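In: Task: produce atomic coordinates for the following.
(chains A and B)
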Protein chains: 2
Amino acid sequence: VVQADDVGPVTVGIVVIGNEILSGKVADTNSSFLARELRAVGADLRRVTVIPDEIEEIARTVREFSRAFETVLTSGGVGPTHDDVTVEGVAGAFGRSVVRHPEIEQALHRHFQGKANTAALKMAEIPEGAELIRGGELSFPLIKIENVYLLPGIPEICRQKFDVIKVRFARGAYHLKALYSRRGESVIAEYLHATLAKFPDLLLGSYPRLGDPEYAVKVTLESRAQAYVEEAFAHLVGILPEGTVVRTEG
Amino acid sequence: VVQADDVGPVTVGIVVIGNEILSGKVADTNSSFLARELRAVGADLRRVTVIPDEIEEIARTVREFSRAFETVLTSGGVGPTHDDVTVEGVAGAFGRSVVRHPEIEQALHRHFQGKANTAALKMAEIPEGAELIRGGELSFPLIKIENVYLLPGIPEICRQKFDVIKVRFARGAYHLKALYSRRGESVIAEYLHATLAKFPDLLLGSYPRLGDPEYAVKVTLESRAQAYVEEAFAHLVGILPEGTVVRTEG
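Out: Below is the predicted model of the structure:
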């Protein structure tokens, strides 16, 4: 049995807030974007949960995630309308009140050229004691409270804001190698199992594909230790029956 | 204040199981498909959670969902490889053991023409006492235990299997009307709020769109009571400032 020489990753949970996703009107693309970005910098996304625009649900879920994971990202519910209750929910998770922040209020007045109404000024509300993060192309700062970052639901702005904090999640990237198998999962399962028995720290994925003439399964091998993934990959390719591997990657 | 005349919907939670989604390799499309389908038959999807291929995490999450919602759907982790541990996790949620079901075993032997190996036969495993559901185009039955249905991760088969049980979620469909607003959320928020104050049972959604020359916000109004949504829609259109509504739907 070969152990990987590794450092612990940042553990992350994502809370997606929005009735529009649960009712099938909008497909959430922020969580898959964040999943790819987090993986690229070596963070360990442990859970994604989609919940409705309800203050109590948000408070309960954010509190649970905040205890379970090193960092929490929320997505959605930070606009000016009746269903934007994320700030209130997150404040509730930590027993904080909601206050209006003068700096954001001023930015909103500038943005709306002096015509910011009550609805617009709602966007200046933050949980009491929250930190404001500025940078990049941001017109408005990102709100952080305890270990929770509040990202907006609109994909373009969510990406802009995440870009500013991305570096905080980097603790050594993953190395990935992949192979494409002509034979199905039932045939190759025993060889995957044998490889995992020898390399227990390997992250091994098996993704069947229906109706593709080229291959039946894509197998991925990952570790933050490059030598480990190389060695495990060589082992697996060595034990698979001849003619199984169509091509490799990485 | 106008109350809607309504019957309670089926409440649903979805547990998506798969490291490949959390690591950003594969975008989950099953939950957005299921969200649309559930909405179309009037069910109330309350929560979607994506968790890793870990028996304990699956058992804990499924147990929690099973208590919180009338029906639970799981997606993924039912194939033949090392990372397919959903059956074991769901069995654990209810303190059941895992047993091999003779009917599925025979179907697998036929499918693999007598060459079903140990890995393939893993797909004949079910939580003890589970119900098998047959129908439609299904080659293999769908597994149900307590209030939990096990759907596969492969989208085509997930859809086939859901089609067989879809009718169980129908308890009166939603009626939807929509309008497209030329003005932004900050401007229309007060009119949405006033409509909701008068029609508190209305499901009212507000979806800003960036950079579209035609409109700035799509507003949706929904209820399972058709007259209620018609009345609320007429009210909102009546109070919005002239020139706000670009077009309507429904």
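In: what's the following helix or strand after the helix or strand of chain A with the lowest mean pLDDT?
Out: Across the helices and strands of chain A, mean confidence by mean pLDDT, DSSP states H and E is lowest for helix A:118-121: a mean of 87. Next helix or strand after helix A:118-121 toward the C-terminus (DSSP states H and E): strand A:125-127.
In: give me every residue that touches the residue lying farthest from the centre of chain A.
Out: No residue in chain A sits farther from the centre than residue A:242, which is 38.1 Å out by CA atoms, centre = their mean. By CB atoms under 8 Å, 6 or more residues apart in numbering or on different chains, residue A:242 lies in contact with nothing. All C-beta spots, glycine's among them, are computed from the backbone N, C-alpha and C.
In: Show me the contact partners of the least confident helix or strand of chain A.
Out: With CB under 8 Å, 6+ apart, helix A:118-121 has contacts from A:80, A:81, A:100, A:105, A:108, A:112, B:185, B:186, B:187, B:189, B:190, B:193.
In: Kindly recompute the last result at 6 Å.
Out: A:80, A:108, A:112, B:186, B:189 (CB atoms under 6 Å, 6 or more residues apart in numbering or on different chains).
In: Mind checking which of these are in helices?
Out: Counted as lying in helices by DSSP state H, out of those, are A:108, B:186, B:189.
In: Scan these and report the most crowded one.
Out: Tallying neighbours with other CB atoms under 10 Å in any protein chain shown puts residue B:186 at the head of the ones in helices among the contacts of helix A:118-121, with 25 neighbours.
In: surely it meets residue A:80?
Out: Yes - contact criterion CB atoms under 6 Å: residue B:186 and residue A:80 qualify, at 4.8 Å.
In: Tell me where chain A has strands.
Out: Counting by DSSP state E, chain A has strands at residues A:11-17, A:44-51, A:71-75, A:98-100, A:125-127, A:131-133, A:142-145, A:148-151, A:175-181, A:203-208, A:217-223, A:245-249.
In: Just name the most buried of those strands.
Out: Stretch with highest mean neighbour count among those: strand A:71-75 (a mean of 26; mean count of other CB atoms under 10 Å in any protein chain shown).
In: Summarise which helices and strands that strand is packed against.
Out: Strand A:71-75 is packed against strand A:11-17, strand A:148-151, with contacts defined by 3 or more CB pairs under 6 Å, 6 or more residues apart in numbering or on different chains; DSSP states H and E.
In: Out of the ones you listed, which gets nearest to chain B?
Out: strand A:11-17 (8.2 Å; CB to the nearest CB).
In: For residue A:223, list the residues it contacts.
Out: Contacts of residue A:223 by CB under 6 Å, 6+ apart are A:4, A:202, A:229.
In: If you rank those by neighbours, which is first?
Out: Within those, residue A:229 tops the neighbour count with 25 neighbours, counted by other CB under 10 Å.
In: Quick check, that residue in contact with residue A:236.
Out: No - if you go by CB under 6 Å, residue A:229 and residue A:236 don't touch, sitting 10.5 Å apart.
In: Quick check: neighbours shared by these two?
Out: Common neighbours of residue A:229 and residue A:236 (CB under 6 Å, 6+ apart) do not exist.
In: so residue A:236 touches residue A:195, yeah?
Out: Yes - contact criterion CB under 6 Å: residue A:236 and residue A:195 qualify, at 4.4 Å.
In: before we move on, back to that, when you compare pLDDT across the contacts of helix A:118-121, which one is lowest?
Out: Among the contacts of helix A:118-121, residue A:112 carries the weakest pLDDT, at 86.
In: rewinding a little: now the contacts of residue A:223 in a markdown table, with pLDDT and distance to residue A:12?
Out: Formatted as a markdown table, these follow (pLDDT from 0 to 100; distance: CB to CB, whole Å):
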| residue | pLDDT | distance to residue A:12 |
| --- | --- | --- |
| A:4 | 72 | 20 |
| A:202 | 93 | 21 |
| A:229 | 95 | 22 |
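In: Would you format these as TSV with distance to residue B:31 included?
Out: Formatted as TSV, the contacts of residue A:223 follow (distance: CB to CB, whole Å):
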residue	distance to residue B:31
A:4	32
A:202	28
A:229	30
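In: for those, which one is nearest chain B?
Out: Taking CB to the nearest CB as the measure, chain B sits nearest to residue A:202 out of these, at 10.5 Å.
In: That closest one contacts residue A:232, correct?
Out: Yes - taking CB under 6 Å as the contact criterion, residue A:202 and residue A:232 are neighbours in contact, 4.9 Å apart.
In: Thank you, goodbye.
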